[in-house]
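**Student:** based on what follows, work out the 3D shape:
(4 chains)
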2 protein chains.
Amino acid sequence: MPAKRNTNASSKGSTSKRDRILDVAEKLFAEHGYDGVTLRQIASGAKVDVALASYHFGKKLDLFNAVFERRSAYLNEARHEALRRVQEEAGTAGPTVEQIIEAFLRPLELAQETGDDGWRHYLALVAYINNSPYWGRRMMSKMFDSLVNEFIDALRQALPGASDTDLYWCYHNMSGALTLTLADTGRIDALSGGLCSSSDFEAAYDHMIPFMAAGFRKICGS
Amino acid sequence: MPAKRNTNASSKGSTSKRDRILDVAEKLFAEHGYDGVTLRQIASGAKVDVALASYHFGKKLDLFNAVFERRSAYLNEARHEALRRVQEEAGTAGPTVEQIIEAFLRPLELAQETGDDGWRHYLALVAYINNSPYWGRRMMSKMFDSLVNEFIDALRQALPGASDTDLYWCYHNMSGALTLTLADTGRIDALSGGLCSSSDFEAAYDHMIPFMAAGFRKICGS
DNA sequence: CAACAATTTCAACAACTGTTGAAATGCTGC
DNA sequence: GCAGCATTTCAACAGTTGTTGAAATTGTTG
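**Tutor:** Residues are numbered from 1 along each chain as shown, chains lettered A, B, ... in the order given. Okay, the predicted model is just below:
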């Protein structure tokens, strides 16, 4: 019953039913949360029988985890690589705060780069999880702590003399702003009367990078 | 059936069952979201029959709204009053960016001031709603837009020459950091190894106020 | 006390939930 | 063709959901 893991071999023109389930689940989980979505809604959206989700993924929670993990490795690698690159270019002096934050954020633009709505939904799901008292601790830590600590280490080096307490609070501020951006609630659109678009990640990061860098510098000296 | 609105007259020592329902619903909705909580869980937590929630509030969604609205007027008034006060003290020159942000955030400390867990749960619920694509637009706007616009107006005055686009993006950053703080996920606790506590709003705002002020100044000139 | 209304419980409803075993279909190599 | 496997559907299950009408209780007012 547990279904042998599909090796994703045949990437034919029409996406497989298994992938359609993941796509629809990704979108619905991001919008309504884990409990706000039923397997029947997912199956219906994917034009598939209800039992198929259980066949491929097992329990509902397993499907949720599968959705979360599908893109996490790629995303982690892209961000890790972006940090590695600016560190290499900067040499012994090390990258600036702006460069580190840029490496932390820019890879997340792949959503609109590829024009793939899946990435946008996935990042909204990450925001949902990160902001949730219930899911936040148990899912985000395993998946992203290693990467986050790399960035905090880089920031510690770029801001000599900063206390760890200050560094973590500053990271917390940046993480919150990022989370709300990824959540893609459309609230900034309404509030600004259309001046800002919550799905325009590029504009968001254009403002966020210098904003956060100034905040880090203010709190963490230098 | 719709239940005549209790005028909240008798604030006896033991809280009424109606209030207990609101308290438990507040806590559970904040933790698990609207769909993650059943009326039976709420009734059980409040040591009350299931039907009582329907009697007092009607549908489940009406209870959700009642929880959200119970404290919103008081909270709005406290923040509005805090802004009015710094504006009065500052005179014609107008308050500084720090003072405005302080007025925006400090009233939210009433959670730990009063030692009342209810406020902490309520603010976590606001965070849940604000970060949700589904609830964010339809619930936050009605309730908080008026207040938010007051603060943005004040910031526009404190930052002459700033474009509205920049102002809204900066507010978006601050709102995100605040939302993650209110969500109280405990993630910063784990990440910092105990150096930072996500339920210590005072420490959070001590760092957030100068951090955000520096960001606003960086993006919005002056 | 009685009369009345507000509150609370009880019991039950139809609808929906996740899950599963068995049957049906499709695909690949002989 | 046919055997063997993975995939997909069908049908049904036991449990839970929000909701409601009627009964029971409590509180108030005369």
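**Student:** make it CA atoms for all contacts and neighbour counts henceforth
**Tutor:** Noted.
**Student:** low-confidence stretches in chain A?
**Tutor:** Applying pLDDT under 70 to chain A flags residues A:1-14, A:111, A:222.
**Student:** now the closest residue in space to A:Arg137 that isn't next to it in sequence, what are its backbone angles?
**Tutor:** The shortest distance from A:Arg137 to any non-neighbouring residue, by Cα to Cα, 6 or more residues apart in numbering or on different chains, is to B:Arg187 (5.6 Å). Main-chain dihedrals, B:Arg187, degrees, to the nearest 10: phi -70, psi -40.
**Student:** spit out the contact partners of B:Arg187.
**Tutor:** Contacts for B:Arg187 were tallied using Cα atoms under 8 Å, 6 or more residues apart in numbering or on different chains; they are A:136-137, A:141, B:198.
**Student:** in helices, which of these fall?
**Tutor:** Those of the contacts of B:Arg187 mapping onto helices are A:Ser141, per DSSP state H.
**Student:** nearest to B:Arg40 among the contacts of B:Arg187?
**Tutor:** Among these, A:Gly136 lies closest to B:Arg40 (Cα to Cα), at 25.0 Å.
**Student:** let me know how buried the closest residue to the closest one other than its chain neighbours is, in neighbour terms.
**Tutor:** Excluding its sequence neighbours, the residue lying closest to A:Gly136 (Cα to Cα, 6+ apart) is A:Asn130, at 4.6 Å. Using other Cα atoms under 10 Å in any protein chain shown, A:Asn130 has 26 other residues around it.
**Student:** whichever strand or helix holds A:Asn130 packs against which elements?
**Tutor:** If you go by DSSP states H and E, A:Asn130 is part of helix A:117-131. Applying 3 or more Cα pairs under 8 Å, 6 or more residues apart in numbering or on different chains; DSSP states H and E, one finds that helix A:117-131 contacts helix A:17-32, helix A:60-70, helix A:110-113, helix A:164-183, helix B:117-131.
**Student:** among those helices, which is nearest DNA strand D?
**Tutor:** Among these, helix A:17-32 comes nearest to DNA strand D, with 4.7 Å by Cα to the nearest atom of the strand.
**Student:** what helices or strands is the closest one leaning on?
**Tutor:** Judged by 3+ Cα pairs under 8 Å, 6+ apart, the packing partners of helix A:17-32 are helix A:39-45, helix A:50-57, helix A:60-70, helix A:117-131.
**Student:** which of the ones you listed is buried the deepest?
**Tutor:** helix A:117-131 (a mean of 24; mean count of other Cα atoms under 10 Å in any protein chain shown).
**Student:** can you give the contact residues for that helix?
**Tutor:** Residues outside helix A:117-131 that contact it (Cα under 8 Å, 6+ apart) are A:23, A:26-27, A:29-31, A:33, A:68, A:71, A:110-112, A:135-137, A:139-140, A:179-180, A:182-184, B:127-128, B:131-132, B:180, B:183, B:185.
**Student:** repeat for stretch A:75-88
**Tutor:** Stretch A:75-88 is contacted from outside by A:94-95, A:99-100, A:103-105, A:107-108, A:144, A:147, A:151, using Cα under 8 Å, 6+ apart.
**Student:** residues contacting A:Thr179?
**Tutor:** Counting by Cα under 8 Å, 6+ apart, A:Thr179 has contacts A:126-127, A:130-131, B:176, B:180.
**Student:** from the centroid of chain A, which residue is nearest?
**Tutor:** For chain A, the residue sitting closest to the mean C-alpha position, by Cα atoms, centre = their mean, is A:Leu123 at 4.1 Å.
**Student:** distance of that residue from B:Arg84?
**Tutor:** Between A:Leu123 and B:Arg84 the computed distance is 38 Å (Cα to Cα, to the nearest Å).
**Student:** kindly report the same for A:Glu26.
**Tutor:** 44 Å.
**Student:** got it, and A:Leu61?
**Tutor:** Taking Cα to Cα, one finds A:Leu61 at 49 Å from B:Arg84.
**Student:** now A:Ala162: closest residue in space that isn't a chain neighbour?
**Tutor:** Closest to A:Ala162 by Cα to Cα, 6+ apart is A:Cys220, at 4.8 Å.
**Student:** I meant to write A:Gln157 there.
**Tutor:** That would be A:Gly94: by Cα to Cα, 6+ apart, it lies 7.5 Å from A:Gln157.
**Student:** residues near the one you found, how many?
**Tutor:** Considering only other Cα under 10 Å, A:Gly94 is surrounded by 17 other residues.
**Student:** what's the answer for A:Ala78, then?
**Tutor:** As a burial measure, A:Ala78 scores 18 neighbours (other Cα under 10 Å).
**Student:** distance between the helix or strand hosting it and the chain's centre?
**Tutor:** Using DSSP H and E, A:Ala78 sits within helix A:72-90. Distance of helix A:72-90 from its chain centroid, counting by Cα atoms, centre = their mean, to the nearest Å, is 14 Å.
**Student:** give me the angle between that helix and helix A:117-131.
**Tutor:** Here helix A:72-90 points in a direction 90 degrees away from that of helix A:117-131 (axes from the mean of the first three to the mean of the last three Cα atoms, to 10 degrees).
**Student:** care to break chain A down by domain?
**Tutor:** For chain A, automatic domain parsing gives the domain ranges A:17-69, A:71-219.
**Student:** so is the shortest one next to DNA strand D?
**Tutor:** Yes. Taking Cα under 7 Å from any atom of the strand as the criterion, domain A:17-69 and DNA strand D are in contact, through A:17-18, A:47-52, A:55.
**Student:** what is the end-to-end distance of that domain?
**Tutor:** 18 Å.
**Student:** do the same with the longest one
**Tutor:** One end of domain A:71-219 sits 34 Å from the other (Cα to Cα).
**Student:** now stretch A:179-194
**Tutor:** Note: stretch A:179-194 ends 21 Å apart using Cα to Cα.
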